[in-house]
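Trainee: got a sequence here, can you model it:
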Amino acid sequence: MKTAQTITILLTLAMLSCCNRAPEAPMESGPVISLEKSDVIDLSPYLEDIRLIPLEGHPGSLFSQADHMVLEGSDLYIMDKTLKAIICFDTTGRFRYRIQRVGKGPGEYPELNGFWIRPEKKELYLHSRIPPKILVYDLEGHYLRETPVDYGAHEMTGLGKDMVTAFSIFNSYRGRDSISPGIFLMREDGAFIRQNKPIGEYTPYWAVNYQRHMEKFEDGLLVMSQSDTIYRVEANGRVSIDMILDPGKMEMPDELRQVPFNSPQQPQIFNSSYMQCKDQLIAFGPIRLFWFSKENQQHFVLIDKKLSKGYYSQSIQNSHTLFPTVFPIGSGNQDELVGIYNMDVIWLLQESLEASRTERPDNLALKGIEKIIQEAIAQDRPIVYIARVKKEWLN
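Mentor: So this is what the prediction gives:
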């Protein structure tokens, strides 16, 4: 009882200390989408023209894990949070340049939390949460300038003209001032404008791992909170509810039943549905894609807002290529989805091809796949796929 009282007092003090938090305008409730379990998520009806691109084995092109990918024109940008690097390729797989200025001095960053591109300015923006700063490069990878920002965030991206939307799961501090966990708006020079939506204090579905929760969408973007809600942020910064998720009957892991920081006091977190680690939001037209984990297993989610239906499964597929389907982790400015086959997957494919070669020695499709895999193994670099979204889903 004493522990519960202490947590309640601390939460109350944290909320009172948020001096920049403005009174919230009432927000209309969005559509509630129920998630049903499915044997497989089939992406075939949504995609066409899938291209496979082995990446060049240049010494500067090495990366550990692709956390986010952006296709802008003829350039592909990969963010690796582990190595704190941005690696740029063209759409043939040729290595262009690498940004990896890790440090604490001017033009350097100790961590990398997000990036975005302003093609009209021909500039690339990197964000570091600690210390909070934005670093600007040209599209050839040359450093231009840096600006401190008032508040750091777990994720940040460009919105509208010279504006930035940020998302944080903790209170963000500037001296003695602080803002609540949630969505907030800044200028691209780092100056705080306002808090769009505090969303940290009431989380029916607590997540413990955060990678990427923002997605460019039409003239604004979508933000997937740690709760049951996906928010939509317009180009002017106005926030509305895109949808509310009803994930069905999922049990909460015992080891996460007592979350000490910003833990909601409502009883439903202890006896209702639970989704852990929602991540990698992708959106086009009425479709929303992301994945979550439950009991250390990854589940993929596809939601169709037009049909008000959602499905989750541990398997995904498509019929456009003989390569196995992997979840997209990025998008392009021409309505493409982007994903990556890492080297572990490529070696497994190589073993599978060797086992089937004697059974189907004259299969031209398999020979084409084998050529791409052999090139990737020779370069010791992954294979990227770029899949165009069918126009019928973009209305």
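Trainee: next SSE downstream of the strand or helix carrying I78?
Mentor: Using DSSP states H and E, I78 sits in strand 75-80. For strand 75-80, the following helix or strand on the C-terminal side (DSSP H and E) is strand 85-90.
Trainee: for that next one, C-alpha coordinates in CSV please.
Mentor: Taking C-alpha atoms only, strand 85-90 is exported to CSV below (Å, rounded to 0.1, in the frame of the first residue of the first chain):
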residue,chain,number,x,y,z
ALA,A,85,25.3,5.9,-38.5
ILE,A,86,23.4,6.9,-41.7
ILE,A,87,24.4,4.9,-44.8
CYS,A,88,23.3,6.1,-48.2
PHE,A,89,23.0,3.9,-51.3
ASP,A,90,21.5,4.6,-54.7
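Trainee: which parts of it are buried?
Mentor: Buried residues in strand 85-90, defined by neighbour count with 16 or more other C-beta atoms under 10 Å: 85-89. Where C-beta positions appear, they are placed from N, C-alpha and C, glycine not excepted.
Trainee: pairing partners for the strand holding I78, with directions?
Mentor: Strand 75-80 pairs in its sheet with strand 68-72 (antiparallel), strand 85-90 (antiparallel), by DSSP bridges.
Trainee: any idea how far the last one is from the middle of the chain?
Mentor: Here strand 85-90 is found 17 Å from its chain centre; the criterion is C-alpha atoms, centre = their mean, to the nearest Å.
Trainee: could you pull out the strands in the stretch 251-395 of the chain for me?
Mentor: 276-284, 287-294, 297-304, 309-313, 316-317, 330-332, 336-341, 383-389 (DSSP state E, counting those that start in this stretch).
Trainee: can you redo the ones you listed as CSV with distance to R194 and mean pLDDT?
Mentor: CSV is the format used below for these (distance: least, C-beta to C-beta, whole Å; pLDDT from 0 to 100):
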stretch, distance to R194, mean pLDDT
strand 276-284, 23, 86
strand 287-294, 26, 88
strand 297-304, 29, 91
strand 309-313, 32, 93
strand 316-317, 39, 90
strand 330-332, 27, 90
strand 336-341, 33, 93
strand 383-389, 33, 94
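Trainee: nearest to E120, of those strands?
Mentor: Among these, strand 330-332 comes nearest to E120, with 16.7 Å by C-beta to C-beta.
Trainee: what's in contact with the closest one?
Mentor: 68-72, 215-216, 282, 284, 337-339, 386 (C-beta atoms under 8 Å, 6 or more residues apart in numbering).
Trainee: export these as CSV, with columns for distance to M156 and neighbour count.
Mentor: Converted to CSV, the contacts of strand 330-332 look like this (distance: C-beta to C-beta, whole Å; neighbours: other C-beta atoms under 10 Å):
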residue, distance to M156, neighbour count
H68, 12, 22
M69, 17, 22
V70, 14, 22
L71, 20, 20
E72, 17, 17
E215, 13, 21
K216, 13, 16
I282, 18, 22
F284, 22, 19
L337, 22, 24
V338, 20, 23
G339, 23, 19
I386, 25, 22
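Trainee: picking up where we left off before, and which of the buried residues of strand 85-90 is nearest I130?
Mentor: Nearest to I130 out of the buried residues of strand 85-90 is A85 (C-beta to C-beta; 17.4 Å).
Trainee: from the chain's centre, how far out does stretch 231-251 sit?
Mentor: How far stretch 231-251 lies from its chain's middle: 15 Å, per C-alpha atoms, centre = their mean.
Trainee: please renumber the chain so that the first residue is 5 from this point on.
Mentor: With 5 as the first residue, the last one maps to stretch 235-255.
Trainee: go through the strand holding I82 and flag the buried ones.
Mentor: For strand 79-84, the neighbour count (16+ other C-beta under 10 Å) marks 79-84 as buried.
Trainee: okay if I get those as a markdown table plus pLDDT?
Mentor: Shown next, in a markdown table, are the buried residues of strand 79-84 (pLDDT from 0 to 100):
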| residue | pLDDT |
| --- | --- |
| D79 | 96 |
| L80 | 97 |
| Y81 | 97 |
| I82 | 96 |
| M83 | 95 |
| D84 | 93 |
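Trainee: I320 contacts I45, doesn't it?
Mentor: Yes. Look at I320 against I45 with C-beta atoms under 8 Å: they come within range, at 4.4 Å.
Trainee: of those two, who's got more company?
Mentor: I45 (21 against 18; other C-beta atoms under 10 Å).
Trainee: report pLDDT for the more buried one.
Mentor: Looking at I45, its pLDDT is 94.
Trainee: contacts only, for it.
Mentor: 304-306, 315-317, 319-321.
Trainee: how about 10 Å then?
Mentor: By C-beta atoms under 10 Å, 6 or more residues apart in numbering, I45 lies in contact with 293, 295, 303-306, 315-322, 329, 331.
Trainee: which of those are buried, as a PyMOL select command?
Mentor: The following PyMOL line selects those of those that are buried, judged by 16+ other C-beta under 10 Å:
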select buried, resi 293+295+303+304+305+306+315+316+317+320+322+329+331
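Trainee: name the nearest of the contacts of I45 relative to I173.
Mentor: Of all the contacts of I45, I173 sits closest to W295, with 18.1 Å by C-beta to C-beta.
Trainee: partner residues bridging the closest one?
Mentor: In this structure, W295 bridges to D283, F304 when assessed by DSSP bridges.
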